[in-house]
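S.K.: Here you go, sequence then predicted model.
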Amino acid sequence: MLGEWMHQCPPELLNAVDIFSPNESELARLTRMSTESFEQIGQAVVKCHKMGVKQVLVKLGAKGSALFIEGEKPIKQPIISAARVLDTTGAGDTFTAAFAVALVEGKTKEECMRFAAAAASLCVQVKGAIPSMPDRPSVLHLLQTV
(Lines give C-alpha, C1' and ligand atoms only; values in the text may rest on other atoms or scores of the structure.)
Protein backbone atom coordinates (compact mmCIF):
# COMPACT_ATOMS: atom_id res chain seq x y z
CA MET A 1 0.00 0.00 0.00
CA LEU A 2 1.36 3.44 -0.93
CA GLY A 3 0.52 5.03 2.41
CA GLU A 4 2.46 2.37 4.27
CA TRP A 5 5.42 2.86 1.90
CA MET A 6 5.51 6.57 2.74
CA HIS A 7 5.46 5.87 6.47
CA GLN A 8 8.10 3.12 6.24
CA CYS A 9 10.33 4.82 3.69
CA PRO A 10 13.76 5.65 5.11
CA PRO A 11 14.04 9.42 5.74
CA GLU A 12 17.20 9.63 3.65
CA LEU A 13 15.17 8.57 0.59
CA LEU A 14 12.50 11.20 1.18
CA ASN A 15 15.22 13.80 1.71
CA ALA A 16 16.61 12.86 -1.72
CA VAL A 17 13.30 13.61 -3.51
CA ASP A 18 13.50 16.94 -5.32
CA ILE A 19 9.81 17.25 -6.19
CA PHE A 20 7.11 14.80 -5.11
CA SER A 21 4.15 14.91 -7.52
CA PRO A 22 0.98 13.10 -6.38
CA ASN A 23 -2.58 13.83 -7.41
CA GLU A 24 -4.93 14.77 -4.58
CA SER A 25 -6.24 11.23 -4.01
CA GLU A 26 -2.70 9.81 -3.95
CA LEU A 27 -1.74 12.54 -1.46
CA ALA A 28 -4.70 11.53 0.73
CA ARG A 29 -3.69 7.86 0.67
CA LEU A 30 -0.03 8.59 1.28
CA THR A 31 -0.62 10.89 4.24
CA ARG A 32 -3.84 9.26 5.49
CA MET A 33 -5.37 12.73 5.56
CA SER A 34 -8.40 14.24 3.84
CA THR A 35 -7.68 16.34 0.73
CA GLU A 36 -11.19 17.58 -0.05
CA SER A 37 -10.36 21.28 0.33
CA PHE A 38 -7.29 23.32 -0.58
CA GLU A 39 -6.69 23.90 3.14
CA GLN A 40 -6.70 20.14 3.79
CA ILE A 41 -4.34 19.60 0.85
CA GLY A 42 -2.01 22.16 2.41
CA GLN A 43 -2.11 20.30 5.73
CA ALA A 44 -1.32 16.99 4.00
CA VAL A 45 1.59 18.68 2.21
CA VAL A 46 2.93 19.92 5.56
CA LYS A 47 3.03 16.26 6.63
CA CYS A 48 5.11 15.50 3.51
CA HIS A 49 7.43 18.40 4.38
CA LYS A 50 7.86 16.95 7.89
CA MET A 51 8.82 13.62 6.29
CA GLY A 52 11.61 15.37 4.36
CA VAL A 53 10.04 16.28 1.01
CA LYS A 54 10.72 19.99 0.40
CA GLN A 55 8.61 20.47 -2.76
CA VAL A 56 5.23 18.87 -3.44
CA LEU A 57 3.53 19.37 -6.80
CA VAL A 58 -0.12 18.37 -6.40
CA LYS A 59 -2.24 17.66 -9.46
CA LEU A 60 -5.84 18.68 -8.77
CA GLY A 61 -7.63 17.54 -11.94
CA ALA A 62 -10.17 20.10 -13.11
CA LYS A 63 -9.08 22.42 -10.27
CA GLY A 64 -5.59 22.77 -11.74
CA SER A 65 -2.44 22.23 -9.72
CA ALA A 66 -0.40 23.68 -6.89
CA LEU A 67 3.28 23.62 -6.07
CA PHE A 68 4.08 23.73 -2.37
CA ILE A 69 7.67 24.67 -1.58
CA GLU A 70 8.48 24.43 2.12
CA GLY A 71 8.50 27.89 3.72
CA GLU A 72 6.92 29.62 0.69
CA LYS A 73 3.43 30.54 -0.45
CA PRO A 74 1.93 27.85 -2.74
CA ILE A 75 2.04 28.50 -6.48
CA LYS A 76 -1.40 27.80 -7.93
CA GLN A 77 -2.03 27.07 -11.61
CA PRO A 78 -5.56 26.82 -12.98
CA ILE A 79 -6.26 24.48 -15.85
CA ILE A 80 -5.97 25.79 -19.37
CA SER A 81 -9.39 25.02 -20.76
CA ALA A 82 -9.59 22.39 -23.45
CA ALA A 83 -11.82 22.85 -26.49
CA ARG A 84 -13.19 19.37 -25.72
CA VAL A 85 -12.32 16.70 -23.19
CA LEU A 86 -12.22 13.21 -24.72
CA ASP A 87 -10.05 11.26 -22.28
CA THR A 88 -8.20 12.29 -19.12
CA THR A 89 -5.97 9.19 -19.22
CA GLY A 90 -2.35 10.30 -19.04
CA ALA A 91 -3.09 13.94 -18.22
CA GLY A 92 -1.34 13.79 -14.84
CA ASP A 93 1.69 12.05 -16.30
CA THR A 94 1.79 14.56 -19.15
CA PHE A 95 1.59 17.41 -16.64
CA THR A 96 4.44 16.02 -14.53
CA ALA A 97 6.65 15.29 -17.54
CA ALA A 98 6.06 18.74 -19.07
CA PHE A 99 6.82 20.38 -15.71
CA ALA A 100 10.10 18.46 -15.53
CA VAL A 101 11.04 19.43 -19.10
CA ALA A 102 10.44 23.12 -18.40
CA LEU A 103 12.32 22.87 -15.10
CA VAL A 104 15.48 21.38 -16.62
CA GLU A 105 15.31 24.08 -19.29
CA GLY A 106 15.70 26.67 -16.54
CA LYS A 107 12.20 28.13 -16.53
CA THR A 108 10.74 29.65 -13.37
CA LYS A 109 8.39 27.48 -11.31
CA GLU A 110 5.46 29.61 -12.51
CA GLU A 111 6.49 29.09 -16.15
CA CYS A 112 6.87 25.36 -15.50
CA MET A 113 3.35 25.20 -14.08
CA ARG A 114 1.88 27.07 -17.06
CA PHE A 115 3.77 24.93 -19.60
CA ALA A 116 2.59 21.77 -17.83
CA ALA A 117 -1.01 23.00 -17.76
CA ALA A 118 -0.89 23.62 -21.51
CA ALA A 119 0.48 20.14 -22.16
CA ALA A 120 -2.24 18.56 -19.98
CA SER A 121 -4.91 20.61 -21.78
CA LEU A 122 -3.79 19.20 -25.12
CA CYS A 123 -3.56 15.70 -23.67
CA VAL A 124 -7.21 15.49 -22.59
CA GLN A 125 -8.37 16.33 -26.12
CA VAL A 126 -7.04 13.04 -27.57
CA LYS A 127 -8.15 9.51 -26.71
CA GLY A 128 -5.54 7.14 -25.27
CA ALA A 129 -2.49 7.66 -23.07
CA ILE A 130 0.36 7.55 -25.60
CA PRO A 131 -1.38 9.20 -28.59
CA SER A 132 -2.49 12.08 -26.38
CA MET A 133 1.02 13.19 -25.36
CA PRO A 134 1.48 16.55 -27.13
CA ASP A 135 4.64 17.66 -28.87
CA ARG A 136 6.52 20.86 -28.00
CA PRO A 137 5.29 22.93 -30.98
CA SER A 138 1.67 22.19 -30.03
CA VAL A 139 2.25 23.22 -26.40
CA LEU A 140 4.04 26.42 -27.40
CA HIS A 141 1.29 27.28 -29.89
CA LEU A 142 -1.38 26.84 -27.21
CA LEU A 143 0.57 29.04 -24.79
CA GLN A 144 0.63 31.83 -27.41
CA THR A 145 -3.15 31.71 -27.72
CA VAL A 146 -4.15 31.81 -24.03
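M.R.: Thanks, I have the structure now.
S.K.: center of the protein, which residue is that?
M.R.: Residue closest to the average C-alpha location in the chain (CA atoms, centre = their mean): residue 59, at 3.8 Å.
S.K.: Just read off the phi/psi values of that one.
M.R.: Note on residue 59: backbone dihedrals following degrees, to the nearest 10 are phi -90, psi 130.
S.K.: Give me the nearest residue to it, chain neighbours excluded.
M.R.: Of all residues not flanking residue 59 in the chain, residue 23 sits nearest, at 4.3 Å (CB to CB, 6 or more residues apart in numbering). In this view, the C-beta of every residue, glycine as well, is placed from N, C-alpha and C.
S.K.: excluding its backbone neighbours, what's nearest residue 98?
M.R.: With CB to CB, 6+ apart as the measure, residue 119 is the residue that lies nearest to residue 98, at 3.6 Å, once sequence neighbours are left out.
S.K.: burial measure for that neighbour, as a count.
M.R.: Neighbour count for residue 119, taken as other CB atoms under 10 Å: 28.
S.K.: how about it, secondary structure?
M.R.: The three-state label given to residue 119 by DSSP: H, G, I helix; E, B strand; the rest coil is helix.
S.K.: how near is it to residue 107?
M.R.: The spacing between residue 119 and residue 107, counted by CB to CB, to the nearest Å, is 13 Å.
S.K.: cool, and residue 46?
M.R.: In this structure, residue 46 and residue 107 are separated by 26 Å, where distance is defined by CB to CB.
S.K.: so where's this protein uncertain?
M.R.: For the chain, applying pLDDT under 70 flags the ranges 1-9, 11.
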